[in-house]
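Q: Structure, please.
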Amino acid sequence: MKKCLIIAEIGVNHDGDYYKAKKLIKLAKLAGADIAKFQTFKAEEITTKKAPTAAYQKRSKFKTQIEMLKKLELSDHAFIKLSKYCKKIGLEFCTSFFSEEKLRLIKKLNLKRIKIPSGEITNFFLLKNLG
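A: This is a model prediction of the structure:
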């Protein structure tokens, strides 16, 4: 029987803070997770300056998607360091991505697996570059 993998969905719960992301990885490991999963994006690549927040986000202090997403970004350098930290403590690093630029970063990280975001499953231009 195959082992069930436990994925800790960190996503953007780090609030754009590298140290918080690192702490969440450590907590995922302590909780018994096998994989720590993030979301890798650059706000300007996935939304416009005028896109309003979604209905479920109206409670936030942000007026636009780009304003909110910019606060949730981590740099490529941060993702490289977090990936190395995961490896160091024996946790697999995984991420979903939303642009071809971030796919280049993910390929550089040489991950065992990636997650295709549900909103991108019909994005032919992104998917064709996976291989």
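
Q: Identify the residue nearest the geometric centre of the protein.
A: By C-alpha atoms, centre = their mean, the chain has its centre lying nearest to Gln39, at 1.3 Å.

Q: so what's it up against?
A: Neighbouring residues of Gln39 by C-beta atoms under 8 Å, 6 or more residues apart in numbering: Gly11, Val12, Leu72, Thr95, Ser96, Phe97, Phe98, Pro117. C-beta coordinates here come from the backbone N, C-alpha and C atoms, glycine included.

Q: Just the buried ones out of the residues you listed, please.
A: Among those, those classed as buried by 16 or more other C-beta atoms under 10 Å are Val12, Leu72, Thr95, Ser96, Phe97, Phe98, Pro117.

Q: Would you format these as JSON lines with pLDDT included?
A: Listed next are the buried ones among the contacts of Gln39 as JSON lines, based on pLDDT from 0 to 100:
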{"residue": "Val12", "pLDDT": "93"}
{"residue": "Leu72", "pLDDT": "91"}
{"residue": "Thr95", "pLDDT": "94"}
{"residue": "Ser96", "pLDDT": "92"}
{"residue": "Phe97", "pLDDT": "88"}
{"residue": "Phe98", "pLDDT": "86"}
{"residue": "Pro117", "pLDDT": "89"}
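
Q: Mind putting those into CSV with secondary structure and distance to Pro52?
A: Below are those laid out as CSV (DSSP: H, G, I helix; E, B strand; the rest coil; distance: C-beta to C-beta, whole Å):
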residue, secondary structure, distance to Pro52
Val12, coil, 19
Leu72, coil, 17
Thr95, strand, 26
Ser96, strand, 23
Phe97, strand, 24
Phe98, coil, 19
Pro117, coil, 20
